[in-house]
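*Asks:* my questions are about this predicted structure, shown below with the sequence.
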Amino acid sequence: MWIYVAISIFLWLLLKWYRNKEIIGNYGNRYIVITGCDSGFGYSLTKKLDKLGFYVFAGCLTGEGLAKLNEETSSKVKPFMLDVSKTESIERAFEFVQLNLPQNTGMVETTRIFLPLVLKTKGRVVNITSVAGRIAVLYGPYAVSKHAAEGYSDALRRELYKRGVSVHIIEPGCFKTRITDPDVTCNAIDVYYDKLQMDIQDYFGPVFLKQYKKTVKKGLTIGACSDIDHVINAYVHALTAKLP
């Protein structure tokens, strides 16, 4: 009996390995839109996909980030200004992408505005969330936002799969990017603390604030992984595998 169980497990693992190895191919005719490309995951993913031969529309929040990508990537990468917190900026980005696309070309994006293009060509949506979308660790509001992002992605997946569009999420742990820079994070804590009502500031007090920042700084310094290729490779797999 146990031998049949072992054989079944082996065959299942073999099938899983084979499915993960299958890729869509034809990278040179595929177009991808990425947001947050000034630094971190978005920046590294843009450069990785450029090397693989994809056409990439790279949304940058700053002119500095845009100029950097123009210098460091090929002509297949088209950086553009994008502030995802402003609807008008997203709509301008949509127009930019439309104007720079050959006819009948597909892409992957995560926003409502780009969804008609994804539906048209049966593309896929890849959203980045976080391990905080599964476990509510430090930073309550951050965990809440990531749980919401995972719920949204799951709902979107169920709504779109019959239309030929697949939805995928990537859940990074703690990696060394700008968002996990200890100094940047501690400065942000000071800014938000100063915005609190005085009675709340008095409740926590300066001793708590100092200890909290010390704990955060220690956690980000020791616990953050410097090799973000783990995340970039997961992105590439989600974008290129036939069955991610």
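*Replies:* Perfect, thanks for sending it.
*Asks:* what helices or strands is the strand or helix carrying residue 79 leaning on?
*Replies:* Assigned by DSSP states H and E, residue 79 belongs to strand 77-81. Judged by 3 or more C-beta pairs under 8 Å, 6 or more residues apart in numbering; DSSP states H and E, the packing partners of strand 77-81 are strand 55-60, helix 63-72, helix 87-99. Where you see a C-beta, it was placed from the backbone N, CA and C, and this is true even at glycine.
*Asks:* how does it look with 6 Å?
*Replies:* Helices and strands touching strand 77-81, by 3 or more C-beta pairs under 6 Å, 6 or more residues apart in numbering; DSSP states H and E, are strand 55-60, helix 63-72.
*Asks:* next structured bit after the worst-scoring helix or strand of the chain on mean pLDDT?
*Replies:* Every helix and strand of the chain was ranked by mean pLDDT, DSSP states H and E. The lowest is helix 2-21, at a mean of 63. For helix 2-21, the following helix or strand on the C-terminal side (DSSP H and E) is strand 31-34.
*Asks:* can you list the strands that that following strand pairs with?
*Replies:* Strand 31-34 pairs in its sheet with strand 55-60 (parallel), by DSSP bridges.
*Asks:* residue 97: which of the helices and strands packed on strand 77-81 is closest?
*Replies:* Among the helices and strands packed on strand 77-81, the nearest to residue 97 by C-beta to C-beta is strand 55-60 (5.3 Å).
*Asks:* by how many degrees do the closest one and strand 77-81 diverge?
*Replies:* Strand 55-60 runs at 30 degrees relative to strand 77-81, counting by axes from the mean of the first three to the mean of the last three C-alpha atoms, to 10 degrees.
*Asks:* for strand 55-60, C-alpha coordinates in PDB please.
*Replies:* Backbone C-alpha positions of strand 55-60 (Å, rounded to 0.1, in the frame of the first residue of the first chain) are rendered in PDB as follows:
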ATOM      1  CA  TYR A  55       8.300  45.200 -24.000                       C
ATOM      2  CA  VAL A  56       7.800  46.900 -20.700                       C
ATOM      3  CA  PHE A  57       5.800  50.000 -19.800                       C
ATOM      4  CA  ALA A  58       7.400  51.200 -16.600                       C
ATOM      5  CA  GLY A  59       5.400  53.500 -14.400                       C
ATOM      6  CA  CYS A  60       7.600  55.900 -12.300                       C
END
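*Asks:* thank you, goodbye.
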